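Enquirer: When you get a sec, could you give me coordinates for this:
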Amino acid sequence: LEYSANYFDKMVHISARCRLTLAEERRILDMCTEIRRTLEIVDEEVKELRFRLWGQWGQLKLQRYAEILSSSAAEKDTSYQEFKEVDSWVRALVRKLRAAQLPATRDDVKYHVLQLLGDYKFDLASLLSLDNRGAYLERLAGTDGAGP
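Expert: Below is the predicted model:
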């Protein structure tokens with residue numbers, strides 16, 4: 001997301017022949033929107049998990065979730081019950097993303113969960129930049145009903 005937002009922020013300084021076409025920009029913005037929606041859904045689930053698992057015990061449990069998701073060795077060393085708990089949570093998250101018509105694989109969900117269990121935060125400037133560029137392209141294409 002941040003990479004695409006930086007491109008749009010610096011586009012003023014890019015010569016016209018090096019820029020993406022409007023269709024390519026639209027495609028990138030659509031991909032960014034999908035990633036953003038995916039991250040928002042996963043973020044809500046991680047927040048709910050943090051709410052359920054609070055205190056020192058909860059922090060240890062979240063760290064264990066992160067270990068299981070990030071390492072196949074930790075996945076093999078864990079108890080069956082703990083593995084099934086993490087696996088069912090990830091599968092439920094994949095189903096939730098697919099219900100929202102977002103492409104989701106188990107590996108994608110693992111990646112996003114690990115991001116959000118870590119210190120990843122949405123960069124507000126990047127999100128606003130992407131929203132602004134999307135609104136500009138819609139206006140340029142006349143899809144917002146207002147015309148050019």
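
Enquirer: And the helix or strand containing Asp131, how far out from the chain middle?
Expert: Asp131 belongs to helix 124-141 when assigned by DSSP states H and E. Its chain's C-alpha centre and that of helix 124-141 lie 18 Å apart, by Cα atoms, centre = their mean, to the nearest Å.

Enquirer: quick one: the helices in the protein?
Expert: For the chain, applying DSSP state H gives helices covering 2-10, 22-52, 55-70, 72-77, 80-99, 106-117, 124-141.

Enquirer: Need those helices in TSV (columns: mean neighbour count).
Expert: Where you see a C-beta, it was placed from the backbone N, CA and C, and this is true even at glycine. TSV is the format used below for the helices of the chain (neighbours: other Cβ atoms under 10 Å):
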stretch	mean neighbour count
helix 2-10	15
helix 22-52	15
helix 55-70	14
helix 72-77	11
helix 80-99	14
helix 106-117	17
helix 124-141	15
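
Enquirer: about what we covered before: what's the helix holding Asp131 packed up against?
Expert: Counting contacts by 3 or more Cβ pairs under 8 Å, 6 or more residues apart in numbering; DSSP states H and E, helix 124-141 packs against helix 2-10, helix 22-52.

Enquirer: Spit out the contact partners of the most centrally placed residue in the chain.
Expert: The centroid of the chain falls nearest to Leu39 when counting by Cα atoms, centre = their mean (2.7 Å). Counting by Cβ atoms under 8 Å, 6 or more residues apart in numbering, Leu39 makes contact with 1, 112, 115-116, 122.
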